[in-house]
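*Asks:* Return atomic coordinates for the entry below.
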Amino acid sequence: MTYVDEAPRTAERLRAARERAYSTPLSEFHPGAPELFRSDTLWPYFERLRKEEPVHYCMTSPVGEYWSVTKYNDIMHVETHPEIFSSDVRLGGIMLRDVDPKYEWPSFIAMDEPQHGAQRKTVSPLFTPVHLNELAILIRKRSASVLDNLPRNETFNWVERVSVELTTQMLATLFDFPWEDRRKLTRWSDVATALPKSGIYESQEQRIDELYECGEYFARLWNERANAPPKSDLISMMAHSDATRQMDRENLLGNLILLIVGGNDTTRNSMTGSVLALNENPDQYDKLRSNNALIDSFVPEVIRWQTPLAHMRRTATADTELGGKHIRKGDRVVMWYVSGNRDEDVIATPDDFIIDRAQPRIHMSFGFGIHRCLGMRLADLQLKIIWEEILKRFDRIEVVGEPKRVYSSFIRGYEELPVRIAA
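*Replies:* As a prediction, the model looks like this:
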C-alpha cells in the first residue's frame, strides 16, 4: 500500500469534519479538543472562527472556559502586551490546561518580567551565531551518519529512526548529557507534555515520578558542573550564572523541562512534517529536487505549515478589549498559532504548501515579543542541514501510510510516519 491509496479516506474524513464544523453552533465550539489534532480535522473549525468570531469564548471545555484568539494580528497584540497577558505559572501557565498547583515548576517561559529576562539571558549565549557555526559542523556529521544507516526498499518509521534520533543527539550535546542515556531526554519530553488520554503514561503518579527522576538526574549533573570550571553547555551556564545558580528544585526542574521540550518536540515534528508535506505536495518536492537552493525558503515554510506548537496561553491580569470582545481579569486567553499561520488576511493562499514563497518567514511558529523562541535559529539550522544531506543521497523519501499523530492540542506532532527509500 502506498500513501496515495490513503487519499480517498483522508478526503472523506476532511469532508465530514467540514460538515461538522459548519453545522455546529459556535457556542458549542471547543477548538482545543485534542482529538481534532490527532485526526488532523482542526482546520475547518479554525477557518470558521477566523471568518465569523476571531475572538471566541469556549464554555464547553472539560478543562474550563477560555478565549480563543485565531487571527494573526490579534495574536500579535496578545504577544506584545505581556503586562496585560501574563505567562506566570502561578496564574495557570502557558498551556490551555491550568498547571496543577501542586506541580508549579516555574521556567522562564512561564514567568513575567523581570524574572523572565534574567533567567532567559543566562542560556542565550548558546544560540549566538559563533556557537551555531560550531554546532553546524556537528549537526552535518551526525545527519550524514543517521541517513547513511537508513534501510533501503524497506518500510521504517521516520519519526523514530531520524527525527527523534537527531534531535535527541542535539539535546545531549547542548546539555553535555551522558551519551548512553540520551533517550531518557526523549522520554522526559514526551511525559512532560502528554495528556492523560495520550497513552504515554498510565497514571499521573507515574508521570510525576518520571519527572522527578528527570530532576534528580539533572541535579547530579548540576552539582558536578557547579563544582567544576564553567563550560559552554546549558547546565554549566545556569550553574555559574548569578540569575540561576540559586534556583530551587522546582525552578530548576521547570527550566530543564522547558529546554528539553523546546529542543526536542518542535524540531523533531518539523523534521517529520517536512517529509509529509513534500509527499502531499509532489510538485513542490520536484521543485526542491531541481533547485536545492530553495532549501532557504523551504525550511520556514515547513515550520509555518507544521506549526509544531499549536498554541500558547496567557492569563489576563486586567479587564481589557480584544477583537471587540470584553476579556475579564483572570480569563484564560489562548493564542492559536496554528490558526494565525493560516490567516488569509496576512498570508496569501495559506493552506497551500509553497516552498518558494516571497516572504516565507511571516509566520508565528516561534512566537513574538519577550517569549520569542530562544532556539529558533538552531531549529532552522537543523532542518536546513538535514535536507541538504537528504538531497545529496536520496531521489525521494516516499510516505507509504497514514501518519500517527500526537493526542495533543499543544504539541502538533507525530508518533509514526511510515516511509520507504528506494535502493
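*Asks:* Can you say which helix or strand has residue 207 in it?
*Replies:* Counting by DSSP states H and E, the element that carries residue 207 is helix 204-226.
*Asks:* Next, the buried residues of that helix.
*Replies:* Of the residues in helix 204-226, those with enough neighbours to count as buried (16 or more other Cβ atoms under 10 Å) are 207, 210, 211, 214, 215, 217, 218, 221, 222, 225. For every residue, glycine as well, the C-beta is placed using N, CA and C.
*Asks:* Kindly indicate which of those lies nearest residue 80.
*Replies:* Sorting those by distance to residue 80 puts residue 211 at the head of the list, at 32.0 Å, by Cβ to Cβ.
*Asks:* Wait, the closest one touches residue 257, no?
*Replies:* Yes: with the criterion set as Cβ atoms under 8 Å, residue 211 and residue 257 qualify as a contacting pair; they are 7.0 Å apart.
*Asks:* Overlap in contacts, the two.
*Replies:* Common contacts of residue 211 and residue 257, defined by Cβ atoms under 8 Å, 6 or more residues apart in numbering, comprise 188, 192.
*Asks:* Grab the two from the buried residues of helix 204-226 that are most spread out in space.
*Replies:* Longest span within the buried residues of helix 204-226, Cβ to Cβ: 207 and 225, 27.0 Å.
*Asks:* Would you confirm that residue 46 contacts residue 340?
*Replies:* No: counting by Cβ under 8 Å, residue 46 sits too far from residue 340 to count as a contact (9.3 Å).
*Asks:* which one of these two has more residues nearby?
*Replies:* Neighbours were counted for residue 46 and for residue 340 using other Cβ atoms under 10 Å; residue 340 has more, 28 against 24.
*Asks:* intersection of neighbour lists for residue 46 and residue 340?
*Replies:* In terms of Cβ under 8 Å, 6+ apart, residue 46 and residue 340 are both contacted by the residues residue 70.
*Asks:* secondary structure element for the residue nearest to residue 410 when sequence neighbours are not counted?
*Replies:* Excluding its sequence neighbours, the residue lying closest to residue 410 (Cβ to Cβ, 6 or more residues apart in numbering) is residue 95, at 5.3 Å. According to DSSP H and E, residue 95 maps onto no helix or strand at all.
*Asks:* tell me the average confidence for the helix ranked longest in the chain?
*Replies:* Of all the elements of type helix in the chain, the one with the most residues (DSSP state H) is helix 249-280. The average of the pLDDT scores along helix 249-280 is 85.
*Asks:* Can you give the distance of it from its chain's centre?
*Replies:* 5 Å (Cα atoms, centre = their mean, to the nearest Å).
*Asks:* buried stuff in it?
*Replies:* Under the neighbour-count criterion of 16+ other Cβ under 10 Å, helix 249-280 has 251-279 buried.
*Asks:* next one: stretch 80-88
*Replies:* With burial defined by 16+ other Cβ under 10 Å, the residues of stretch 80-88 counted as buried are 82, 84, 85, 86, 87, 88.
*Asks:* Among those, which one lies nearest to residue 160?
*Replies:* Nearest member of the buried residues of stretch 80-88 to residue 160, counting by Cβ to Cβ, is residue 87, at 32.7 Å.
*Asks:* sorry, back to before: export the buried residues of stretch 80-88 to JSON lines and tack on secondary structure and pLDDT?
*Replies:* Output for the buried residues of stretch 80-88, formatted as JSON lines (DSSP: H, G, I helix; E, B strand; the rest coil; pLDDT from 0 to 100):
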{"residue": "82", "secondary structure": "coil", "pLDDT": "94"}
{"residue": "84", "secondary structure": "coil", "pLDDT": "97"}
{"residue": "85", "secondary structure": "strand", "pLDDT": "97"}
{"residue": "86", "secondary structure": "strand", "pLDDT": "95"}
{"residue": "87", "secondary structure": "coil", "pLDDT": "92"}
{"residue": "88", "secondary structure": "coil", "pLDDT": "90"}
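*Asks:* Show me the two of these that sit farthest apart.
*Replies:* Among the buried residues of stretch 80-88, 84 and 88 lie farthest apart (Cβ to Cβ), at 12.5 Å.
*Asks:* rewinding a little: let me see the contact set for the residue nearest to residue 410.
*Replies:* Here residue 95 is in contact with 311, 312, 313, 410 (Cβ under 8 Å, 6+ apart).
*Asks:* Contacts for the worst-scoring helix or strand of the chain on mean pLDDT next, please.
*Replies:* For the chain, using mean pLDDT, DSSP states H and E, the weakest element among its helices and strands is helix 115-123, scoring a mean of 79. Under the contact criterion Cβ under 8 Å, 6+ apart, helix 115-123 has outside partners 87, 107-109, 111, 234, 237-238, 241, 243-244, 255, 259, 370-371, 374.
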